[in-house]
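Student: coordinates only, no sequence provided:
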């Protein structure tokens, strides 16, 4: 049975003209170091399902090729920028997402893997990037993890073992980055950008309409109205406080804070699983920031409602324990981070958690159900509808009393 085209993003149904046999010949020559390679046949198809991602377009190519010795077939993933006239490109066209991701795949993560391997932990964080270019177009080519039996989880939450596997990968990478940052490594010099530095993003209605829509949602549900008084004073500062937390390492470092290399978009669709083994994807928004940031993001964009309610503290402990074990394993000699201090830092950055709950969780709830983000990004009515979703409102009925009981609304500035 042929796949339904409605299952895929419209801009990934047809590969661009430049993605031809000549392009794949250049890719393979660079990859296998054989100038005599000959591309025999190429079949392209969408690489992802609708709702899996937004910031790029991705294709799968089954490439048949030959050398002077024998014939081969290889499945590749090609990631490139959207069409210049598309809505996506309007948001992302002048950003630094591709240079950031290229640095992550080709320099940063291989270095982290080597450090861990030297300590006896043979770990792989991500797919292998076999080709990249910024001119004449921004493009990256990867080995296909699907051909290695990895897959994206769709139409269900990750289970507890899968969540722990993802957090372990994050904790190990961040432990290495914590040690290298203390050593003033130049490895992070190229990672000077994050989601808040995407041109015009902070003024985009997707962002600016989120908190007002959240306030309206509180007013529309009788048992949530009582909480509006706590959030109303935040409406003019919530984005500013979020930006300050994301940019803290660059703009306002704190002596006692724990800083690491953050993934920047650590959610379920940016992971692939083979059993409980996890591979991480999409490093376009990686930046150096507080150790709290990815973990708080994961609590809203990675965990399902059940895990958020019943395993929140367990998973924070699981992440932190793996982080400190890894620091010991790789020979970190400084003062070991403490869980008590880390939990204090999570509390101190509660504006980030409030922002995620009020602005991003409603949109990701929509994407978790396999919906295309393009449907609401430029449609004000559909964005408002996200906040009327019964699942989202049920989550608020649990989360807002929790915030109150934990003191989240006390002495916020």
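Tutor: Nice, I can see it. Given the structure is predicted, the values throughout are model-derived calculations rather than measurements.
Student: what's the closest non-adjacent residue to the spatially most central residue of the chain?
Tutor: By CA atoms, centre = their mean, the chain has its centre lying nearest to residue 265, at 2.2 Å. Spatial nearest neighbour of residue 265, chain neighbours left out: residue 285 (4.9 Å); criterion: CB to CB, 6 or more residues apart in numbering. Bear in mind the C-beta positions are built from the backbone N, C-alpha and C, glycine included.
Student: per-residue pLDDT of the residue nearest to the centre of the chain, please?
Tutor: On pLDDT, residue 265 comes in at 95.
Student: ok, it - contacts?
Tutor: Residues near residue 265 by CB atoms under 8 Å, 6 or more residues apart in numbering: 195, 282, 284, 285, 297.
Student: the first one touches residue 202, doesn't it?
Tutor: Translated: residue 195. No: if you go by CB atoms under 8 Å, residue 195 and residue 202 don't touch, sitting 9.4 Å apart.
Student: now the helix or strand hosting residue 63: average pLDDT?
Tutor: Assigned by DSSP states H and E, residue 63 belongs to strand 57-66. Across strand 57-66, the average pLDDT comes to 94.
Student: returning to what we had before: mind checking which of residue 195 and residue 202 has more residues around it?
Tutor: residue 195 (19 against 15; other CB atoms under 10 Å).
Student: once you drop chain neighbours, what's closest to that one?
Tutor: Using CB to CB, 6+ apart and skipping residues adjacent in sequence, the residue nearest residue 195 is residue 285, 4.9 Å away.
Student: the one you found against residue 194, yeah?
Tutor: Yes: shown here, residue 285 and residue 194 form a contact pair, counting by CB under 8 Å, at 5.9 Å.
Student: the more surrounded of these two?
Tutor: Ranked by neighbour count (other CB under 10 Å), residue 285 and residue 194 place residue 285 first, with 26 against 23.
Student: quick one: the more buried one and residue 97, what's the gap?
Tutor: Distance, residue 285 to residue 97, using CB to CB, to the nearest Å: 7 Å.
Student: please name every helix or strand in contact with whichever strand or helix holds residue 219.
Tutor: According to DSSP H and E, residue 219 maps onto helix 210-220. In terms of contacts (3 or more CB pairs under 8 Å, 6 or more residues apart in numbering; DSSP states H and E), helix 210-220 is packed against helix 228-231, helix 361-368, helix 380-386, helix 390-406.
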